[in-house]
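> With the sequence up front, the predicted model follows.
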Amino acid sequence: MPLAVPRVDHLLNTALSWPRIEAHGDGIYGARPLYDGGELRSPVLAITRAILHTNLRIEPVAALGFAGDTVRAARRHDLPPEFLAAVLLQESAYDPRALSSAGAIGIGQFTPGTAADNGVDPFDPDASIAGAGALIGGYVAAYRGRYADPYAVALAAYNAGPGAVDEYRGVPPYRETREYVADIADRQARLYSYEK
């Protein structure tokens with residue numbers, strides 16, 4: 001008999017009580033679908049699973065919280081949650097302390113200037129996720145109707161900057177940017193596969 005997938009609110013309550021439950025209790029067993037198992041009927045759970053598979057240092061309760069924040073930010077800005085999650089997985093693997101060699105900070109990998117321009121505290125995971133959703137959602141809205149694939153062009157703007165998109169009238173020919181767009185499409189497809 002297949003294991004039933006617990007409801008999201010039950011998983012969150014279990015995760016929040018994690019230090020107080022016995023090692024072999026039902027709570028621990030019930031949380032295993034966060035890591036593996038069959039199909040998930042929720043973008044929150046699919047994103048949680050992807051975070052846990054991508055970044056082994058993140059605790060399940062944090063992954064579940066980040067996933068919920070991602071779904072809310074995506075829906076607020078008319079983005080598929082799996083799309084925004086794929087971007088954040090690619091950028092930082094949801095590591096709130098991520099710091100790139102170029103000085104990009106946090107989950108959304110904001111440079112200090114971009115963070116300041118968008119009113120985002122890049123060190124705050126909630127603000128970083130919300131800010132990434134707003135910025136990418138704004139790019140998609142601006143490019144919708146102008147380009148055949150506004151999502152790819154929005155990713156190019158997030159990676160290479162909107163100036164590069166304007167200069168090349170779409171995804172610029174930079175190898176790094178083209179690979180970035182392709183990698184995010186692969187991550188998004190993997191997230192959808194968790195939900196089937």
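Right, received. Where do you want to start? Residues are numbered from 1 along each chain as shown.
> CA atoms for contacts and neighbours, from now on please.
Fine.
> quick check: longest helix of the chain.
As assigned by DSSP state H, the longest helix anywhere in the chain is helix 175-195.
> which residues touch that one?
Counting by C-alpha atoms under 8 Å, 6 or more residues apart in numbering, helix 175-195 makes contact with 38-43, 46-47, 50, 82-83, 85-87, 89-90, 152, 155-156, 159-160, 171-172, all of which sit outside it.
> and the residues you listed, which are buried?
40, 43, 46-47, 50, 82-83, 85-87, 89-90, 152, 155-156, 159-160, 171-172 (16 or more other C-alpha atoms under 10 Å).
> What part of the protein, helix or strand, is modelled with the least confidence?
helix 26-31 (a mean of 46; mean pLDDT, DSSP states H and E).
> could you point out which element follows that one?
On the C-terminal side of helix 26-31, the closest following helix or strand by DSSP states H and E is helix 43-54.
> elements contacting that following helix?
helix 60-76, helix 81-92, helix 175-195 (3 or more C-alpha pairs under 8 Å, 6 or more residues apart in numbering; DSSP states H and E).
> How much space separates the residue nearest the centre of the chain from residue 78?
In the chain, the centroid-proximal residue (C-alpha atoms, centre = their mean) is residue 85; its distance is 2.1 Å. Using C-alpha to C-alpha, to the nearest Å, residue 85 is found at 13 Å from residue 78.
> what do you get for residue 158?
According to C-alpha to C-alpha, residue 158 and residue 78 sit 17 Å apart.
> more crowded one of those two?
residue 158 (20 against 15; other C-alpha atoms under 10 Å).
> What is the neighbour count of the closest residue to that one other than its chain neighbours?
In space, and not counting its chain neighbours, residue 158 is closest to residue 136: 6.9 Å by C-alpha to C-alpha, 6 or more residues apart in numbering. Residues lying near residue 136 (other C-alpha under 10 Å) number 23.
> swap in the one 10 residues further on?
For residue 146, the number of neighbouring residues by other C-alpha under 10 Å comes to 12.
> Over to residue 119?
Neighbours of residue 119 (other C-alpha under 10 Å): 12.
> That one sits in which helix or strand?
With DSSP H and E as the test, residue 119 turns up in no helix or strand.
> ok, now which ones touch residue 157?
139, 163-165, 171 are the contacts of residue 157 under C-alpha under 8 Å, 6+ apart.
> can we see that at 7 Å?
Counting by C-alpha atoms under 7 Å, 6 or more residues apart in numbering, residue 157 touches residue 165.
> got it, and residue 147?
Counting by C-alpha under 7 Å, 6+ apart, residue 147 has no contacts.
> where's it relative to residue 98, distance?
Taken as C-alpha to C-alpha, the span from residue 147 to residue 98 is 32 Å.
> mind listing what's buried in stretch 88-103?
Buried, per 16+ other C-alpha under 10 Å, within stretch 88-103: 88-96, 98-99.
> cool, stretch 57-72 as well?
58, 60-64, 66-72.
> need those residues in JSON lines with pLDDT and distance to residue 178, can you?
Listed next are the buried residues of stretch 57-72 as JSON lines, based on pLDDT from 0 to 100; distance: C-alpha to C-alpha, whole Å:
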{"residue": "58", "pLDDT": "93", "distance to residue 178": "29"}
{"residue": "60", "pLDDT": "89", "distance to residue 178": "32"}
{"residue": "61", "pLDDT": "89", "distance to residue 178": "34"}
{"residue": "62", "pLDDT": "93", "distance to residue 178": "31"}
{"residue": "63", "pLDDT": "94", "distance to residue 178": "28"}
{"residue": "64", "pLDDT": "93", "distance to residue 178": "30"}
{"residue": "66", "pLDDT": "98", "distance to residue 178": "27"}
{"residue": "67", "pLDDT": "97", "distance to residue 178": "26"}
{"residue": "68", "pLDDT": "97", "distance to residue 178": "29"}
{"residue": "69", "pLDDT": "98", "distance to residue 178": "27"}
{"residue": "70", "pLDDT": "98", "distance to residue 178": "24"}
{"residue": "71", "pLDDT": "98", "distance to residue 178": "25"}
{"residue": "72", "pLDDT": "98", "distance to residue 178": "28"}
